[in-house]
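Engineer: have a look at this prediction, sequence included:
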Amino acid sequence: MRYLFDELCLDTSRRELRRRGEPVHVEPQVFDLLEFLVSNRDRLVTRDDLIASVWDGRIVSESALASRINAARAAVGDDGERQRVIKTIPRKGFRFIAEMSEEASSVREPPGISIALPDKPSIAVLPFADLSGEPGQGYLVDGIVEWIITGLCRIRSL
């Protein structure tokens, strides 16, 4: 399902959030929170609802919940002052209040293209992104990728 609001598209089948076609980085848990709020936009979502759905019932501190709500607001261009997308109802819960439309996702292969599967299992290791923000730490990310590739090369069945 694709949810369209403001200049954003929340594509649940691809697990992507896009603004004007460009991807917006969101952590998986923040994406789950957004998806839950959007799919329940017709009602008030309580703290317990979020914990049951997003955190699978694990114990979560108020600060962790507030941090994820703030991250979700930042991802959609909202903040705690304006609350034009995610509204907090004090001591009650949250509501997704932005005007939106929805459409079915269309994840299809182009016609005439068939993908041939190999005879044996295969795996691809993509480069990791350095999210530390510290200059000079890129070598660590590259090293981990090389270490994984080297380990996989030792498995003859791949």
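Structural biologist: Nice, I can see it.
Engineer: show me where the protein has its strands.
Structural biologist: Here the chain has its strands, by DSSP state E, at 2-5, 8-11, 16-19, 22-23, 86-89, 93-96, 100-103.
Engineer: how about CSV for those, with mean pLDDT and mean neighbour count added?
Structural biologist: Heads up, the C-betas are built off the backbone N, CA and C, glycines and all. As requested, those are exported to CSV (pLDDT from 0 to 100; neighbours: other CB atoms under 10 Å):
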stretch, mean pLDDT, mean neighbour count
strand 2-5, 91, 18
strand 8-11, 93, 20
strand 16-19, 93, 16
strand 22-23, 92, 8
strand 86-89, 94, 16
strand 93-96, 94, 20
strand 100-103, 87, 12
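Engineer: what sits closest to the most centrally placed residue in the chain if chain neighbours are left out?
Structural biologist: The chain has Phe31 as the residue nearest its centroid, 3.4 Å off, counting by CA atoms, centre = their mean. Excluding the flanking residues, the one nearest Phe31 by CB to CB, 6 or more residues apart in numbering is Arg15, at 5.9 Å.
Engineer: isn't that neighbour up against Gln29?
Structural biologist: No: counting by CB atoms under 8 Å, Arg15 does not reach Gln29; the two are 11.8 Å apart.
Engineer: dump the strands of the chain to TSV, plus distance to Asn70.
Structural biologist: Shown next, in TSV, are the strands of the chain (distance: least, CB to CB, whole Å):
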stretch	distance to Asn70
strand 2-5	19
strand 8-11	17
strand 16-19	16
strand 22-23	20
strand 86-89	10
strand 93-96	12
strand 100-103	21
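Engineer: okay, now Val145: neighbour count?
Structural biologist: 13 (other CB atoms under 10 Å).
Engineer: now do the contacts for it.
Structural biologist: The contact partners of Val145, by CB atoms under 8 Å, 6 or more residues apart in numbering, come to 125, 127-128.
Engineer: any stretches of this protein with poor pLDDT?
Structural biologist: Within the chain, the ranges that satisfy pLDDT under 70 run 105-119, 158.
Engineer: can you give me the helices for it?
Structural biologist: For the chain, applying DSSP state H gives helices covering 28-39, 47-54, 62-75, 138-153.
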